[in-house]
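Trainee: Just a sequence and a predicted model for now, questions to come.
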Amino acid sequence: MISAGTFHVISTELTIGMFALSGVAFLLCMLKKGPDSREAVAHWALLGGLIATPLAIISGINASPGDGIDNPLLANKMLLSMTSAGLAIGVLIRRKMGAAVDARHAGIGMASVGLMLTTAGMGGEFSRGETLLLFVPK
């Protein structure tokens, strides 16, 4: 049987990997550089990360010590990940409705990615006490 912590690591890596790929593709869309498949890659990777997000959230709550979200850092992680998911859903719906991938569209996609990567950094701070984010209070 797989432990909750191990499942959380797997689902988190899947989520963050998909969001990071999406962020790079959205950056290429904003710069109008790279292959023509950059738009499809950005949106499909964003959808994949969005699908994996609930798995990471639920397994993270199950793997956390205590009764779930009793730490302010975990509550902030939940808020940031939900905000990121909301922005990602908005980007995908806007694209589905036929909107062009302009600088604003790519910027909102990258904002969603940035929020999710910030959430992952806060998880490293919570579990190991180390993060690349200097502005997260301890």
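Mentor: Thanks, I have it. Keep in mind the model is a prediction, meaning the values are calculated, not measured. Residues are numbered from 1 along each chain as shown.
Trainee: list the contacts for Ala111?
Mentor: Leu87 (C-beta atoms under 8 Å, 6 or more residues apart in numbering). Placement of C-beta: from N, CA and C, glycine included.
Trainee: Now whichever strand or helix holds it: buried residues?
Mentor: Assessed by DSSP states H and E, Ala111 sits inside helix 103-128. Neighbour-count burial for helix 103-128, counted by 16 or more other C-beta atoms under 10 Å, picks out 105-106, 108-113, 115-123, 125-127.
Trainee: State which helix of this protein is the longest.
Mentor: For the chain, the helix with the greatest residue count under DSSP state H is helix 4-31.
Trainee: wait, what's in contact with Gly107?
Mentor: Each residue near Gly107 by C-beta under 8 Å, 6+ apart is listed here: 26, 30.
Trainee: for the longest helix of the chain, packing partners?
Mentor: Applying 3 or more C-beta pairs under 8 Å, 6 or more residues apart in numbering; DSSP states H and E, we find helix 4-31 packed against helix 38-63, helix 103-128.
Trainee: Where does pLDDT dip in this protein?
Mentor: The model of the chain has pLDDT under 70 over residues 68, 134-138.
Trainee: Kindly recompute the last result at 80.
Mentor: Residue ranges of the chain with pLDDT under 80: 1, 64-70, 124-138.
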